[in-house]
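Q: Pasting a predicted model and its sequence here:
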Amino acid sequence: MHLEFMHSRNITIIPTDSSKDSPADIQTLDALITALNTGEQSKYNQLIRSVKFPNNYFDRQSSWCDNSYTRNCLAENDKFELILLCWNAKQITPIHDHGGEECWVVVIDGKFRETLYTEDPSGNLTAIKTIISKSNDITYMIDFMGFHRLENLSNKRSLTLHLYAKPIRSCNVFDEVTKKFVNKDMVYSTAPLAEKF
Ligand SMILES: [Fe+2]
């Protein structure tokens, strides 16, 4: 989950989209899943920037753990994966890549720090950028940008919505003890709510 710009909707690289059509706000999970299912991946950047969920919309899908943030699958198929991450205060991901896939992170509630890293030929990681994001901010990540980690800066429970296209079945995770990346299969904390649409 990198160096954060100033804030708001600033991101490192924004995939271009030549369409001038601006979709209406997407306010429900069903509407978002339908749009992702029917739309091309080239439209996903535009789609995810159209989401506007009501406050507390994800209460029913949230789950919490004292030891780690949780990954709650909202939808999964061959095209994409939508995951709700639920974070207790100060919880943090390991440094990781994204299995070659595109990744968008929408902050539903909270304040997060994303730190981006690059790896030199000797395998040493260097933090190159930090991004602070707040509710409704969206960040984008793909492997050519490097590796990243995401941390909940809030002193309260917080939520982020992650769109991966295609789904990430495994990714490289940095082991802080051995100082090497290890490929790990991704797992869900809760089963998909909407599968194989
Ligand atoms: Fe990530």
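A: It's in. Residues are numbered from 1 along each chain as shown.

Q: and I131, what element?
A: Using DSSP states H and E, I131 sits in strand 125-134.

Q: Can you tell me the strand partners of the helix or strand that comes right after that strand and which way each runs?
A: Beyond strand 125-134 in the direction of the C-terminus, DSSP H and E gives the next helix or strand as strand 138-141. Its sheet considered, strand 138-141 pairs with strand 102-109 (antiparallel) by DSSP bridges.

Q: avg pLDDT for the strand it pairs with?
A: Averaged across strand 102-109, the pLDDT comes to 98.

Q: Please enumerate residues in contact with that strand?
A: If you take C-beta atoms under 8 Å, 6 or more residues apart in numbering as the criterion, strand 102-109 is touched by 1, 15, 41, 44-45, 48, 51, 53, 57-58, 84, 112, 114, 133-142, 150, 158-165, 168. Placement of C-beta: from N, CA and C, glycine included.

Q: who does the following helix or strand past it pair up with?
A: Going down the chain from strand 102-109, the next helix or strand is strand 111-119, by DSSP H and E. Each strand paired with strand 111-119, and its direction, by DSSP bridges: strand 125-134 (antiparallel), strand 147-152 (antiparallel).
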